[in-house]
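Novice: Model the following, please.
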Amino acid sequence: MVRSLAVQRRSVAVVVIVVSLALVAGVGTASAVPVLGGTLVYAGGDIDITVIGAAAAFHNFLDIYDTALTIKIDLPIENHGHFGLIGVGGGTVTVGAAAMAGAGFSPGDEVVFGIFVSDTGFTYFMGPGGRNPDGIEHAIVDDLGGGVFIVGFEDLFGGGDLDFDDTLFRFEGGLRSSVPAPASLMLLGLALAALGLLDRLRRPIRYSAAKR
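Specialist: From the prediction side, this is the model:
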């Protein structure tokens, strides 16, 4: 009887661990759910920025700010309709590690991207709505995995149609999400459950004699 219970407990622990490993294998190809008001953290290295396109007619200028909303790096990027990048020779701007360090960014620091809308004079930032002049979120962050993010902005005061495609950017390298992906949280829970079961396996099974 004791041997049978011990075998059952070990079997349950093995199943949990196998399921966790299977999920880990699948997480690498899964995309996180886009996050409204999401934030990005500097991970070190270069950051490549590409304009994907725009659905609005306003002139939007992308720059890098710190959490005090002070502009730290003035980027040569303007997005107007489908004109894309203005003032650079190619389709991608690379912000080097030296430039990030010179602007005061260290790995682990939040990097705030913001758009200045020259037509209205407003600036809208990634992150919580309290950073913006109308008090609402103006950017959505889609984590594609592998250090690649698509960030879409709304450039109208009050949020406009809230489809977050007025101007779209692709960020690659040098950044990570500041919020754990749902799949990662699920794996953490499974791992803790497996550890709990393994800990119980190490404990001897005690039985008290039945009273007659």
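Novice: remind me, longest strand of this structure?
Specialist: Counting by DSSP state E, the longest strand found in the chain is strand 71-80.
Novice: what's the helix or strand following that one packed up against?
Specialist: Next along the chain after strand 71-80, taking DSSP states H and E as the criterion, comes strand 92-95. Under the contact criterion of 3 or more CB pairs under 8 Å, 6 or more residues apart in numbering; DSSP states H and E, the helices and strands touching strand 92-95 comprise strand 47-53, strand 71-80. To be clear about C-beta, it is placed using only N, CA and C from the backbone, and glycine gets the same treatment.
Novice: Save those strands as JSON lines, and put in distance to G96 too.
Specialist: Shown next, in JSON lines, are these (distance: least, CB to CB, whole Å):
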{"stretch": "strand 47-53", "distance to G96": "8"}
{"stretch": "strand 71-80", "distance to G96": "10"}
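Novice: List the buried residues in stretch 123-138.
Specialist: Residues of stretch 123-138 classed as buried under the neighbour-count rule (16 or more other CB atoms under 10 Å) are 123-127, 131-132, 136-138.
Novice: what is the mean pLDDT for it?
Specialist: Average pLDDT, stretch 123-138: 97.
Novice: what's it in contact with?
Specialist: 36-40, 65, 69, 110, 112-117, 122, 139, 141, 151, 153-155, 157-159 (CB atoms under 8 Å, 6 or more residues apart in numbering).
Novice: which one of the helices and strands packed on strand 92-95 lies closest to R176?
Specialist: Nearest to R176 among those is strand 47-53; the distance by CB to CB comes to 11.2 Å.
Novice: Toward the C-terminus, what is the element adjacent to the closest one?
Specialist: Scanning forward in sequence from strand 47-53, with DSSP H and E defining helices and strands, the next element found is strand 59-65.
Novice: Name the strands paired with that next one and say parallel or antiparallel.
Specialist: Using DSSP bridges, strand 59-65 pairs in its sheet with strand 71-80 (antiparallel), strand 110-117 (antiparallel).
Novice: Pipe those into CSV and attach mean pLDDT and distance to D166 per row.
Specialist: Output for the strands paired with strand 59-65, formatted as CSV (pLDDT from 0 to 100; distance: least, CB to CB, whole Å):
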stretch, mean pLDDT, distance to D166
strand 71-80, 90, 9
strand 110-117, 97, 9
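Novice: So which of these is the most surrounded?
Specialist: For the strands paired with strand 59-65, the largest average neighbour count (mean count of other CB atoms under 10 Å) is found in strand 110-117, namely a mean of 22.
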